[in-house]
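1. coordinates for the following, if possible.
(chains A, B, C and D)
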Number of protein chains: 2
Amino acid sequence: MARGSTRPTSRDVAQAAGVSQAAVSLVLGDKWRGRVSEATAQRVREAARDLGYRPNLAARNLRLGRTRTVLLVVPALTTEFFAGVYTGATRVAAEHGFGVVLYPSPEGIGPAPDPFASAQAALDGVIASSMAADALTAIRGEALPLVMLDSDPSGSLGAATVNLDIADGVRQAAEHLLSLGHRRFLHLAADVPSWTFEVRARELAARLAEVPGTSVRTARSPISIEGAVTAAETALSQPGPRPTAVICDDDQLAAGTYKAARRLGLRVPDDLSVTGLDDLALATAIDPELTTVRLDAELFGERGMRALLAVLEGREPESGDIPVRLVVRGSTAPPGLP
Amino acid sequence: MARGSTRPTSRDVAQAAGVSQAAVSLVLGDKWRGRVSEATAQRVREAARDLGYRPNLAARNLRLGRTRTVLLVVPALTTEFFAGVYTGATRVAAEHGFGVVLYPSPEGIGPAPDPFASAQAALDGVIASSMAADALTAIRGEALPLVMLDSDPSGSLGAATVNLDIADGVRQAAEHLLSLGHRRFLHLAADVPSWTFEVRARELAARLAEVPGTSVRTARSPISIEGAVTAAETALSQPGPRPTAVICDDDQLAAGTYKAARRLGLRVPDDLSVTGLDDLALATAIDPELTTVRLDAELFGERGMRALLAVLEGREPESGDIPVRLVVRGSTAPPGLP
DNA sequence: CGCCCTAGGTTTTACGTATAACGTCGAGTT
DNA sequence: AACTCGACGTTATACGTAAAACCTAGGGCG
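-> Below you'll find the model as predicted:
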């Protein structure tokens, strides 16, 4: 029995089982085949259970020189999207005996924060969203195995990337609206410098350029419902023929667009079609339910974690973007008469 | 210089600065007053900077027997509420050199999961929401310093508790609706066994019992918009006089109630007043904007972390519930004529 | 002069684990 | 009979850090 109230160590277990500490380590580490008899192994396991032994992670990490812990760097957790990414990553991590520590990049602008000071754990690797740009420089400096989420594959300097096929999602949304007959668009874009938003703009412009007679305005908004209300209201009040469809960079912007439309006396979808991107719970909470591009956040997190595990084991990460798909609901309809 | 590609250790720094490893530890640990000359300390700091030295956390944790890491146990992160709690806790933790590891209790029912297997880090303490009930037994077994969030103060067996003043919030909502003239209520309750929801039911019943001529139905729903739609639709379709006001245990349930009302052809607030609880972003995204009880999630997390730090330092945690307040918006109005 | 004290360090140790290197003993081989 | 070899362990060591215990030289003091 351990003296006093300190947690039992492997040495305590050894003493209880009448063996050496090394034998305990072998048995509990499942490395005892041909080194320890079945009977002894059983005694050790029982002693460990009786004492409530748990290995000291700090000691193990020090000995092994790795921690089986990875850092997940995300922008602030204001929506369930990154919560989903975290959930997916954690699930895969747990299957491989890994833990995940979160580093939500502070939203406000300030002194560049240090993800590694915040994460007390020593780390084996990092998964980082390209949206958490301010934290990236510090990460690069550490030379840790790195997987980037939604980042420019050609600009990632060798880091593995795992991406959603956002370009295809934007194409599907554009196609849907075009086939309904829309020709005048507003692109409500996120005012955040990240590859994933650049893709949206580029792809939309490319697709619409192929269709004669289309026009597209662009408005920028911070990623929040309230911010989007102002941006959308301003953009929709501009002189000239009003857009009949608004393509939003994410669902929150779409929700803001609903509110702007109400203020302007426009009905969705009769006067204005709106599409989003993410498919948050929000998308079906608002009325009418939002036509949006569904992103599988958990799968995204899983793929990110799998890629990092591959890197850590020296394997080649799985390649190929994660497919997305448009979910058509009540916020899109043919345009009214001009 | 460190050989090969391994990270530099304090010994490498010592060699570079021409001192012993102990001197490095003293200087970098800020314990050198009167033990090392200012000039030497300066040399050590420069060497550390030049080599990009970072202390090995595993070694430090092993040596010190503590990790400056705490576990935050929450129900699944499906809304921004617990993201806020996490943010607040992390902020305070960082100010004190602590890290926070998250353990989101899996939603599905299954084999009782082990928070400590998931959290690779060794832990100094735990903050746990009473909503993550399934994880609590494992936590108790570890005999770690523990702070409970929104938990029965009399039933916590000595663990410190930090609570929101939910009872007062419910009272404010009830008062508001009573003063508008409502007498027939529906309480849409969360179908989750947790003290925080018991309080809502108890307080509402207590307040309404004081007002003659009031009646209250109760319906139970899982905490999700979709679940609430069904529950609310069923409850509002019961025979007998229809409730004129619905008090919901949280904002998601309120959003579901909006959808149920639409299906039944009821307008909010003209035919049905609705109140929520949380004040999520969702509350202002839906139309009309939701009258709800605002909970300060970040402050909640901050107070939780402060309480745990107090426990760790043998101090008495700050007491007193965190105040909440009703935010009146467009979802409540006087009842129409019967 | 002998002594202690202080500044400015160094040497040593312990934290708990995983594992490489090293015994030991009996049975089987030659 | 000497040797080998496998089964079953044990002993010893290293991981990187913090800090207790120890050392040394010079100056002040009685």
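
2. mind checking how far residue A:22 is from residue B:62?
-> Look at residue A:22 and residue B:62: by C-beta to C-beta, to the nearest Å, they are 18 Å apart. The way it works is simple: take the backbone N, C-alpha and C, and place the C-beta from them, glycine included.

3. in terms of neighbours, single out the busier of those two.
-> residue B:62 (19 against 12; other C-beta atoms under 10 Å in any protein chain shown).

4. look up the closest residue to the more buried one, ignoring the ones flanking it.
-> residue A:58 (4.1 Å; C-beta to C-beta, 6 or more residues apart in numbering or on different chains).

5. ditto for residue A:262
-> In space, residue A:262 is closest to residue B:287, 6.6 Å off (C-beta to C-beta, 6+ apart).

6. residue A:234 now?
-> residue A:219 (6.9 Å).

7. and what of residue A:61?
-> residue B:58 (3.6 Å).

8. if we can go back for a sec, ok, the residue nearest to residue A:234 touching residue A:190?
-> No. Counting by C-beta atoms under 8 Å, residue A:219 does not reach residue A:190; the two are 10.7 Å apart.

9. assign residue A:275 to helix, strand or coil.
-> strand (DSSP: H, G, I helix; E, B strand; the rest coil).

10. and for it, the neighbour number?
-> Residue A:275: 29 neighbours (other C-beta under 10 Å).

11. show me where pLDDT drops low in the stretch 1-150 of chain A?
-> A:1-5, A:77, A:106-113, A:117-120, A:133 (pLDDT under 70).

12. DNA strand D contacts on that one?
-> Taking C-beta under 7 Å from any atom of the strand as the criterion, the stretch 1-150 of chain A approaches DNA strand D at residues A:19-23, A:26, A:34-37, A:39-40, A:59, A:62-63, A:65.

13. that older thread, what sits against the residue nearest to residue B:62?
-> The neighbourhood of residue A:58, defined by C-beta atoms under 8 Å, 6 or more residues apart in numbering or on different chains, consists of B:58-59, B:61-62, B:67, B:122.

14. phi, psi of it?
-> phi -60, psi -40 (degrees, to the nearest 10).

15. re the thing from before, a helix runs through the residue nearest to residue A:262, doesn't it?
-> No. Assigned with three-state DSSP, residue B:287 falls outside any helix and is coil.

16. distance check, it against residue B:51.
-> From residue B:287 over to residue B:51 (counting by C-beta to C-beta), the distance is 59 Å.

17. stretch A:18-36: how far from the chain's middle?
-> 41 Å (C-alpha atoms, centre = their mean, to the nearest Å).

18. residue A:186 pairs with what?
-> Using DSSP bridges, the bridge partners assigned to residue A:186 are residue A:217, residue A:246.

19. can you list the domains in chain A?
-> Domain assignment for chain A by automatic domain parsing gives A:10-55, A:67-164+A:298-312, A:166-295.

20. got CSV for the ones you listed, with distance to residue B:203 too?
-> Output for the domains of chain A, formatted as CSV (distance: least, C-beta to C-beta, whole Å):
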stretch, distance to residue B:203
domain A:10-55, 40
domain A:67-164+A:298-312, 29
domain A:166-295, 27
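
21. mind picking the two most distant members of the residues of the stretch 1-150 of chain A next to DNA strand D?
-> The largest distance within these, taken as C-beta to C-beta, falls between A:39 and A:65 and amounts to 33.5 Å.

22. neighbour-wise, which of these two wins?
-> residue A:65 (12 against 8).

23. distance of that one relative to residue B:36?
-> For residue A:65 relative to residue B:36 (C-beta to C-beta), the value is 30 Å.

24. what do you get for residue A:203?
-> 60 Å.

25. pull out the buried positions in the helix or strand in which residue A:13 is found.
-> Using DSSP states H and E, residue A:13 falls within helix A:10-17. Counting neighbours by 16 or more other C-beta atoms under 10 Å in any protein chain shown, one finds that the buried residues in helix A:10-17 are A:10, A:12-17.

26. which one of those residues is nearest chain B?
-> residue A:10 (13.5 Å; C-beta to the nearest C-beta).

27. got a list of what that closest one touches?
-> Residue A:10 neighbours (C-beta under 8 Å, 6+ apart): A:21, A:24-25, A:28, A:53, A:55.

28. ok, residue A:114 next?
-> residue A:138.

29. can you show me the strands along the stretch 151-300 of chain A?
-> Assigned by DSSP state E, counting those that start in this stretch, the stretch 151-300 of chain A shows strands spanning A:160-162, A:184-190, A:215-221, A:245-248, A:273-278, A:291-294.

30. contacting residues around the second one?
-> The one in question is strand A:184-190. With C-beta under 8 Å, 6+ apart, strand A:184-190 has contacts from A:177, A:197, A:200-201, A:204, A:208, A:214-223, A:228, A:231-232, A:235-236, A:241-250, A:253-254, A:256-257.
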